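# Here's my sequence, what's the structure:
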Amino acid sequence: MSEDVYIIGAGIHPFGRTDGRSGREQGVFAVREAMADAGLEWTDIECAYGGSAAAGNADIMVNELGLTSLPFTNVANGCATGGSALVSAQMAIASGFYDLALAVGFDKHPRGAFNAKPSDYGLPEWYGQTGMMLTTQFFALKIQRYMQLHGISRTTLGRVAEKAFKNGTITPHAWRRSPIDLDTIMNAPMINDPLTKYMFCAPAEGGVALILASEKKMKELGAHGVKIAKVAVKTRPPDSFEVFQAGVSIKEGGKPTVLASQAAFEGAGIGPEDIDVAQLQDTESGAEIMHMAENGFCKDGEQEEWLANGWSEIGGKLPVNTDGGCLACGEPIGASGLRQVYENVQQLRGRAGERQVEGAKTGYSHVYGAPGLSAVAILQS
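As a prediction, this is how the structure comes out:
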């Protein structure tokens with residue numbers, strides 16, 4: 001595969017709660033926005049990949065968009081569904097089989113969602129009875145261990161959330177549009193120690209769509225594209241500690257995020273120091289902290305200094321989660337990974353408004369999903 005692939009259209013349905021509009025309808029909205037952005041009609045699209053965890057199959061969108069007989073493949077990979085749809089669309093074009101492809105993700109979760117069943121992940125019922133099917137409990141235990149090993153304070157957890165809500169105030173597609181001060185975050189009800197309720201993202205709704213094109217087609221259309229320098233997806237290796245895993249190895253194993261990040265950087269021919277803006281999985285505050293190191297942007301423990309000095313804020317040396325991430329936007333599982341890429345497309349096109357990172361030329365997105373897989377995409381303007 002040698003074809004360069006570009007994103008030439010991007011659309012989003014605002015995240016949060018939208019009464020009277022199904023998850024699929026929010027996805028259709030995003031697709032139409034992306035097509036308008038690219039100056040295309042639905043009949044121009046040659047293939048599509050999309051997914052949703054709770055709002056139905058993505059291929060049924062053709063009922064609203066049009067029956068054009070295009071191949072439309074459903075994708076399901078937990079929180080990495082959107083990233084996996086992007087990888088699939090990118091590969092379809094890079095292979096030379098297609099010149100225009102759609103990647104789409106959407107979801108509509110009720111309150112109290114993410115109540116996964118052990119059997120769905122090959123686990124016995126006793127695993128659920130321990131409470132570990134609750135992601136709040138798993139991530140709390142994981143960040144507790146990380147904090148003890150690397151000297152991360154609870155205040156740093158709070159600063160991640162404070163930054164997220166601050167960025168959400170200037171993001172039109174964010175759900176949480178009001179700032180929350182550090183003291184309120186730290187003293188909010190405890191969900192799972194050490195994480196308070198404002199340190200967790202919430203199940204949400206929304207849709208994102210991206211139109212991908214070969215370089216030849218982009219030039220033919222006269223489109224303004226953002227190059228996909230590299231995309232990579234990796235699953236959990238031996239001895240890693242991941243969500244929905246029934247045991248913990250006594251050995252320190254590899255991590256899917258580290259593997260995906262390394263593969264993406266190697267494929268793009270650049271390093272972490274070359275990234276201008278990054279979107280990292282922040283299911284909760286601790287996830288962003290751990291993923292800063294796992295993606296190579298700092299060493300374990302250095303996050304304490306990063307957050308205290310504002311280095312990951314807009315205007316800092318590496319802005320992280322410029323649209324507020326999952327904490328401010330909420331997490332519709334099928335759409336979250338593509339939201340990150342959408343945000344980077346806006347940044348690299350200079351369309352991010354008040355949250356624009358000055359001079360951004362290279363964007364990085366990372367999404368992590370159950371039962372331990374990560375997708376990374378590196379974009380270049």
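
# quick one: the helices in the stretch 101-250 of the chain?
125-129, 135-150, 154-168, 182-186, 215-221 (DSSP state H, counting those that start in this stretch).

# Can I get the ones you listed in CSV including distance to G82?
Every residue, glycine included, has its C-beta placed from N, CA and C. Converted to CSV, those look like this (distance: least, C-beta to C-beta, whole Å):
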stretch, distance to G82
helix 125-129, 26
helix 135-150, 18
helix 154-168, 19
helix 182-186, 27
helix 215-221, 22
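
# can you redo those as CSV with mean neighbour count, mean pLDDT and distance to D4?
As requested, these are arranged in CSV below (neighbours: other C-beta atoms under 10 Å; pLDDT from 0 to 100; distance: least, C-beta to C-beta, whole Å):
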stretch, mean neighbour count, mean pLDDT, distance to D4
helix 125-129, 13, 86, 44
helix 135-150, 17, 92, 37
helix 154-168, 24, 98, 31
helix 182-186, 16, 98, 43
helix 215-221, 16, 96, 5
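
# what about this structure, any weak spots by pLDDT?
Scanning the chain for pLDDT under 70 picks out the ranges 1-2, 113.

# Residue nearest the middle of it, spatially speaking?
In the chain, the residue lying closest to the centroid (C-alpha atoms, centre = their mean) is G337, at 2.9 Å.

# so what's it closest to, chain neighbours aside?
G82 (3.0 Å; C-beta to C-beta, 6 or more residues apart in numbering).

# Now the helix or strand where the one you found lies: buried residues?
Using DSSP states H and E, G82 sits within helix 81-94. For helix 81-94, the neighbour count (16 or more other C-beta atoms under 10 Å) marks 81-94 as buried.

# Which residues are in contact with the closest residue to F200 other than its chain neighbours?
Using C-beta to C-beta, 6+ apart and skipping the chain neighbours, the partner closest in space to F200 is E284 (4.7 Å). E284 makes contact with 136, 139-140, 143, 195, 199-201, 327 under the criterion C-beta atoms under 8 Å, 6 or more residues apart in numbering.

# quick one: C47 and A101 touch, right?
Yes: between C47 and A101 there is a contact at 5.0 Å, judged by C-beta atoms under 8 Å.

# ok, these two, which is more surrounded?
Shown here are C47 and A101; by other C-beta atoms under 10 Å, A101 has more neighbours (27 against 19).

# my guess is the more buried one contacts I45, does it?
Yes: with contact defined as C-beta under 8 Å, A101 counts as touching I45 (7.2 Å).

# Which neighbours do these two have in common?
Residues touching both A101 and I45 (C-beta under 8 Å, 6+ apart): I211.

# so where do the helices sit in the stretch 251-381 of the chain?
Using DSSP H, counting those that start in this stretch, helices in the stretch 251-381 of the chain cover 256-268, 285-294, 303-309, 325-329, 333-348.

# nearest to T169, of these?
For T169, the closest of those is helix 325-329, at 8.4 Å, according to C-beta to C-beta.

# What helices and strands are in contact with that closest one?
helix 154-168, helix 333-348 (3 or more C-beta pairs under 8 Å, 6 or more residues apart in numbering; DSSP states H and E).

# can those go into CSV with extra columns for distance to G122?
Formatted as CSV, the helices and strands packed on helix 325-329 follow (distance: least, C-beta to C-beta, whole Å):
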stretch, distance to G122
helix 154-168, 31
helix 333-348, 19
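
# looking at those helices, which is closest to W306?
helix 154-168 (8.5 Å).

# Just want the angle from the closest one to helix 135-150.
Counting by axes from the mean of the first three to the mean of the last three C-alpha atoms, to 10 degrees, helix 154-168 points 120 degrees away from the direction of helix 135-150.

# Contacts made by helix 154-168 with the rest, please.
Identification of contacts with helix 154-168 by C-beta under 8 Å, 6+ apart yields 143, 147, 174-182, 185-186, 194-196, 198-199, 282, 285-286, 288-289, 303-304, 307-308, 312-314, 320-325, 327-329, 355.

# same deal with stretch 117-136?
Stretch 117-136 is contacted from outside by 114-116, 137-138, 191-192, 195, 200, 243-244, 246, 283-284, 370-371, using C-beta under 8 Å, 6+ apart.
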